[in-house]
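**Student:** I would like to see how this sequence folds:
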Amino acid sequence: MAAFHEKGYNGTTVDDIIALSGTSKGSFYYYFNTKDELLNTLSVILDDFYEELESRMNPDLNSFVKLLNVNYEAHKMIEENISIDLIASLYSTQLVSQGQRNLLDQNRTYYKFITRIITEGQMRGQIRNDMSAIEITKYFTMCERALVSDWCLSRGEFSLSEYSHKCMPVMLEHFKA
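**Tutor:** Numbers count the residues shown, from 1 in each chain. Reported below is the predicted structural model:
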């Protein structure tokens with residue numbers, strides 16, 4: 001990922017990745033068919049972050065507030081640790097991918113985490129329950145992607161976390177019980 005940060009996604013070659021990792025071309029191609037497949041491992045890094053975030057979250061917190069906190073913390077982490085170029089490249093490869101689209105994989109830790117919070121909120125009467133948790137999760141994740149996309153398109157001219165902190169409550173208000 002250091003090569004992507006330094007040279008940008010499009011400027012980084014497989015040979016750059018191999019040189020930085022100290023591995024061989026054969027080893028690289030054993031695990032990845034393309035540079036895009038390596039980029040898709042970014043969703044694994046994000047899922048690791050969500051696992052860590054869930055472990056430190058106050059279980060008694062209002063579920064609607066939990067969703068807003070997850071959004072803010074994730075966007076803060078992205079803003080501070082992952083280059084805009086890398087995120088934009090990840091999104092663009094997902095748009096043209098013929099294979100698996102990792103960002104939309106409902107089996108990811110991310111989707112399960114968000115669905116658990118929404119289900120909990122529905123049971124507590126904090127999130128409306130006339131829609132399924134899956135439907136609300138799809139909306140929530142779409143809103144998160146929209147905010148990140150806007151940030152990428154604006155080339156980081158504003159703080160992603162502060163933008164999310166301002167916009168997400170408005171975007172989710174419809175789902176409050």
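**Student:** now the strands for this structure?
**Tutor:** In the chain, no strands are found when defined by DSSP state E.
**Student:** the helices in it, which residues?
**Tutor:** 2-7, 14-21, 25-31, 35-39, 42-56, 63-81, 84-96, 109-124, 133-153, 160-172 (DSSP state H).
**Student:** what are the contacting residues of the fifth one?
**Tutor:** It stands for helix 42-56. Residues from elsewhere that reach helix 42-56 (C-beta atoms under 8 Å, 6 or more residues apart in numbering): 1, 70, 73-74, 77-78, 82, 86, 90, 102-103, 105, 108-110, 113. For the C-beta atoms, the positions are set from N, CA and C on the backbone; glycine is no exception.
**Student:** can you flag the buried ones in these?
**Tutor:** 1, 70, 73-74, 77-78, 82, 86, 90, 102-103, 108-110, 113 (16 or more other C-beta atoms under 10 Å).
**Student:** which stretches of this protein have low pLDDT?
**Tutor:** The chain contains residues with pLDDT under 70 at 1-41, 93-104.
**Student:** nearest residue to the middle of it?
**Tutor:** When C-alpha atoms, centre = their mean is applied to the chain, the residue found nearest the centroid is L46 (5.8 Å).
**Student:** picking up where we left off before, which of the contacts of helix 42-56 lies closest to F175?
**Tutor:** Ranked by distance to F175 (C-beta to C-beta), the contacts of helix 42-56 are led by V70 at 13.9 Å.
**Student:** quick check, that closest one in contact with Y111.
**Tutor:** No - applying C-beta atoms under 8 Å as the test, V70 and Y111 come out as separate, 12.0 Å apart.
**Student:** and stretch 167-177, end to end?
**Tutor:** Stretch 167-177 has an end-to-end distance of 19 Å (criterion: C-alpha to C-alpha, to the nearest Å).
**Student:** list the buried ones in that stretch?
**Tutor:** In stretch 167-177, counting by 16+ other C-beta under 10 Å, buried: M168, M171, L172, F175.
**Student:** a markdown table for the residues you listed, including distance to I118?
**Tutor:** Putting these into a markdown table (distance: C-beta to C-beta, whole Å) gives the following:
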| residue | distance to I118 |
| --- | --- |
| M168 | 14 |
| M171 | 14 |
| L172 | 10 |
| F175 | 8 |
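**Student:** tell me the one of the residues you listed nearest R124?
**Tutor:** Of all the buried residues of stretch 167-177, F175 has the smallest distance to R124: 13.3 Å, by C-beta to C-beta.
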